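Novice: sequence plus predicted model, see below.
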Amino acid sequence: MSKPTPEAMHQAVVDGDIEKARELAQAAVDSGADLLDAVESGFAAGIRKVGELWDEGEYFLPELIQGAEAMKAAMGVINPALAATKGAVEPKGRVVIGTVKGDLHDIGKTLVGTLLEANGFEVHDLGADVSVEDFMAKADEVNANIVAASALLTTTMSVQKALVEAVKAGPGDKIIVMIGGSPTTAGWAEDIGAAFAENAQRAVAVAGELVS
Ligand code: B12
């Protein structure tokens, strides 16, 4: 089985070709390709291109949704394969993860959660559109060390701030808030008092540092 090229994976998402994206993801898994690289240089690069085309007025909402569906189909194959590489028995730490209230973008968040899990963290994924109250309730229930919050819209980044404030007012130092998502930056994280990672691989490294 030959490894699919990044260009082919990129193109499948740009074309919104769900079947092709799924097929290429399966080929990446079956051929033993580096799955993170397949995501970053292939499928994620494709969905970013879709975002650009949408920004430029080349693509409209149906194409954006179709591209996202193709990306999700690929991740539906890749995420379980990544999670299966999991090794550690004793969890390194407990993470509650979700996309903040008002925000439905869940592809990057799911990738971060999957990779944390594959690297020995116990991960509780609350999905998308998660309120501060729900983050806090789950963190309390599972005795979390880290609450990880994704925001992809400039309008929903404020919920990350509200989450940090709720943690400060409640459990305090017991829980660290880690944030991410394309509009967020290290500067924003510093301003609100959260940890930051720009991608899923860095999120694993940062989470490791936070619990050590
Ligand atoms: C796919 C997509 C969608 C899909 C989402 C499908 C889904 N289930 O997720 C759909 C079509 C539904 C969608 C809808 C909308 N979207 Co949209 N979408 C995108 C797009 C093209 C790609 C996002 C993506 O999946 N990237 C791939 C993943 C792998 O990358 P990522 O999310 O950045 O995640 C990585 C890092 O950021 C980081 N990370 C992410 N989360 C976290 C969390 C933590 C804790 C950490 C540490 C790290 C981390 O690690 C990840 C992996 O490396 C972006 C463009 C872009 N460049 O981001 C626009 C974009 C985010 N969307 C945008 C907009 C405006 C919308 C809509 C408002 C459109 C509309 N008019 O209806 C709606 C909003 C709906 C809502 N309420 O949420 C704008 C946001 C603009 C802004 N500044 O706010 C963008 C930037 C497009 C643009 N250029 O204008 N969208």
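Specialist: It's in.

Novice: mind listing what the most centrally placed residue in the chain touches?
Specialist: When CA atoms, centre = their mean is applied to the chain, the residue found nearest the centroid is Lys109 (2.2 Å). By CB atoms under 8 Å, 6 or more residues apart in numbering, the contact set of Lys109 is 97-99, 125, 128, 148, 150, 181. Heads up, the C-betas are built off the backbone N, CA and C, glycines and all.

Novice: so for it, what's the pLDDT?
Specialist: Per-residue confidence (pLDDT) for Lys109: 93.

Novice: for the ligand, see how far away the residue nearest to Ile107 when sequence neighbours are not counted is.
Specialist: Distances taken as CB to CB, 6 or more residues apart in numbering place Met71 nearest to Ile107, at 5.7 Å, with adjacent residues excluded. Counting by CB to the nearest ligand atom, to the nearest Å, the gap from Met71 to the ligand is 6 Å.

Novice: which other residues reach stretch 75-93?
Specialist: Residues from elsewhere that reach stretch 75-93 (CB under 8 Å, 6+ apart): 22, 25-26, 28-29, 35-36, 38-39, 43, 107, 110-111, 114-115, 117-122, 145-146, 207-208, 210-211.

Novice: who in the protein is up against the ligand?
Specialist: Residues of the chain lying near the ligand by CB under 6 Å from any ligand atom: 44, 47-48, 50-51, 54-55, 64-65, 68, 102-109, 111-112, 148-150, 152-155, 178-183, 197, 199-200, 203.
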